[in-house]
Each structure stands twice: as structure tokens, then as C-alpha cells.
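Visitor: Provided below are the primary sequence and the corresponding predicted coordinates.
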Amino acid sequence: MKLSGYAAGGSDLLDTTFAALADPTRRAILARLAQGEASVTELAEPFAMSQPAISKHLKVLENAGLVSRGRDAQKRPCRLEAQRLAQATEWLEHYRTFWEAQFERLDGLLEEMKADDKARTKRKRPAPKR
């Protein structure tokens, strides 16, 4: 079973990525950045929290490699770094494939059971009276 270079027990990169994604505010920030670059002020607008609080969330996202900050004159625009999300998605894909196979096996078993039940029902029916 290949886990795309990640040890079966996980890796520091995945741990950091999933820890960063665990917070709804950070997921909302990523969703906003998926639309394009934004300043800390722009990212703070929809939240009832201070810019320093948003900056702390951004630091967690930066440490996880999910966000980077550029330099544009006086601004430091934040941007989404999708590669780390792609790595997490790749890791999750293995488990999606596993569960799909399990559900397909279950579907097959249920179809077999339905067919067996149908066959038993036909055998038990008395012949119609004439």
C-alpha cells in the first residue's frame, strides 16, 4: 500500500496541515484566499476579531505552508499556497478509494441478498387456484 511518501503513522507536514485546517476561521481565510490575494485588513473584515487575532491565524496557516505573504510596496498581500492542500488531498484520496471499494462490496452483498430473498419468496408462493 503506497501512501504517497507519507509514513503510515503520518508526517509532521500532514499533522501541521490538518491542525491548521481544524479551525473554522482558518478554513474561511483559505476560502477567501482561493478567490485571490488579500491584505490582513481585507481578511479581517468578515470576522468579529481584531487584526492581531487574524494575524495569529495567518501565522498558523503560514507555518503549515498553506499561505504565504508577499511584498508589494507597503503591502504584504497574503496568498493561498495550494500545493500543501494538494498533498493533504492526495493523502485523503487513498482513504476515499478504500471506502469506495468497501461500499461497492456492500452494494454487491445487498444485491445478492435481495436476489436470494426474491428467489425464496417465489418458491414459497402457492400456485394460484383456478
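Guide: Everything's here; your move.

Visitor: just checking, what packs against the lowest-mean-pLDDT helix or strand in the chain?
Guide: One helix or strand of the chain scores below all others by mean pLDDT, DSSP states H and E: helix 82-124, with a mean of 87. Under the contact definition 3 or more CB pairs under 8 Å, 6 or more residues apart in numbering; DSSP states H and E, helix 82-124 sits against helix 12-21. C-beta here means a position set from N, CA and C on the backbone, and glycine is covered the same way.

Visitor: elements contacting the helix it packs on?
Guide: helix 24-33, helix 51-63, helix 82-124.

Visitor: now the ones you listed in JSON lines, with distance to Phe18 and mean neighbour count?
Guide: Formatted as JSON lines, the helices and strands packed on helix 12-21 follow (distance: least, CB to CB, whole Å; neighbours: other CB atoms under 10 Å):
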{"stretch": "helix 24-33", "distance to Phe18": "11", "mean neighbour count": "16"}
{"stretch": "helix 51-63", "distance to Phe18": "12", "mean neighbour count": "16"}
{"stretch": "helix 82-124", "distance to Phe18": "7", "mean neighbour count": "11"}
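
Visitor: just give me the residue closest to the centre of this protein.
Guide: Central residue of the chain (CA atoms, centre = their mean): Thr89, 6.3 Å from the mean position.

Visitor: for Phe18, what are its contacts?
Guide: Ala88 (CB atoms under 8 Å, 6 or more residues apart in numbering).

Visitor: for it, give me the pLDDT.
Guide: In this prediction, Phe18 carries a pLDDT score of 94.

Visitor: cool, and Thr41?
Guide: Thr41 carries a pLDDT value of 89.

Visitor: what's the closest non-adjacent residue to it?
Guide: Once flanking residues are discounted, Thr41 sits nearest to Gln51: 6.6 Å by CB to CB, 6 or more residues apart in numbering.
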